[in-house]
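[1] Turn this into a model:
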Amino acid sequence: MRKLRIDHSTEYGFGSQVTLLPHNLLLRPRESHGLRIVSSTLSISVPHRLRWQRDAFDNSVALVTFSMPASSLSLVSQVLIEHFDEAPLDFIVEPQAAFYPFSYSPEDAIVLAPLCAPAWPTARPAVADWLRGLALGQARIETFVLLDQINRAIGRDFRYEAREEPGVQSPSLTLSRRSGSCRDFAALFIEACRHLGIASRFVSGYHTSPPQEIGPGSTHAWAEVYLPGPGWKGFDPTAGVVTGSEHIPVAVARHPELVPPVAGSYVGSGELHPSMRVWVRVETLPH
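    Model (predicted):
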């Protein structure tokens, strides 16, 4: 078991007074068998009302409504967690799903149907061509081996770049550029899984020791796949690894663009030149 402290700060400067509209914050990690929240604080610089709620994926969402105009906004989250998951490969897939291709049970298929449908339907031909080039999914193969090889292929064959643009680029664009951010690689992995009929979802969170090229001051993104037996298992295509105790999930979604850490808007003069600064630190604490 490890104790970790996660500091996440987002600061906005607007240049003059603006009216802040409601903001949704996804900053609280998802508690599980392997992760427990010890304490959590959220500091917001502008007078506000804070309401916690759960969305359809059971993500913990902080809904913030503001009571007065402001020329700047600071959102500071500090969370202390205990992380117990130290053996990411210690799981057994149920026999009927141990080899690909397989089918989900009728009950699971109903629930998982939206997570088997493509997020970018127009990218399916490009994803199919890429998978054919890898010669995967064309013959009987262990399901985990198939997923692991797709995951490793992205980490091996694509160049990471820390894109500052908002949003997620389509898998077809990632394939043509042969580069992308962690969220772009997760989107490509998800589309590949869904093309093969395997339920998958996007995960936004933190990494305790991110790859050097990711650098400090950012969140991380990866994917999860539903495997009968162990349930949702994480794959990080940026590093080409199965997720473990170094990955801290915060939010999951059907589409990669639905779970930014901070989402909101404001009303102000068209002459504004807003600025934003994000700072993230994940620190291991002594026992």
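[2] Point out where the stretch 51-200 of the chain drops to low pLDDT.
    For the stretch 51-200 of the chain, the stretches with pLDDT under 70 are 85-88, 137-138.
[3] go again using 80 as the cut-off
    85-90, 136-139, 163-166 (pLDDT under 80).
[4] What segments of it are helices?
    Taking DSSP state H, counting those that start in this stretch, the helices of the stretch 51-200 of the chain run over residues 106-112, 124-134, 143-157, 171-177, 182-195.
[5] Save these as CSV, and put in mean neighbour count and distance to residue 61 too.
    All C-beta spots, glycine's among them, are computed from the backbone N, C-alpha and C. Converted to CSV, these look like this (neighbours: other CB atoms under 10 Å; distance: least, CB to CB, whole Å):
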stretch, mean neighbour count, distance to residue 61
helix 106-112, 12, 21
helix 124-134, 16, 31
helix 143-157, 19, 29
helix 171-177, 19, 27
helix 182-195, 26, 19
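[6] Out of those, which gets nearest to residue 4?
    helix 182-195 (19.2 Å; CB to CB).
[7] returning to what we had before: okay if I get the helices of the stretch 51-200 of the chain as TSV plus distance to residue 286?
    Formatted as TSV, those follow (distance: least, CB to CB, whole Å):
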stretch	distance to residue 286
helix 106-112	41
helix 124-134	44
helix 143-157	32
helix 171-177	40
helix 182-195	29
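[8] Show me where the stretch 151-287 of the chain has its strands.
    159-160, 179-180, 200-207, 220-227, 231-236, 241-242, 247-253, 262-263, 266-267, 275-285 (DSSP state E, counting those that start in this stretch).
[9] first to last residue in stretch 224-239, what's the distance?
    One end of stretch 224-239 sits 14 Å from the other (CA to CA, to the nearest Å).
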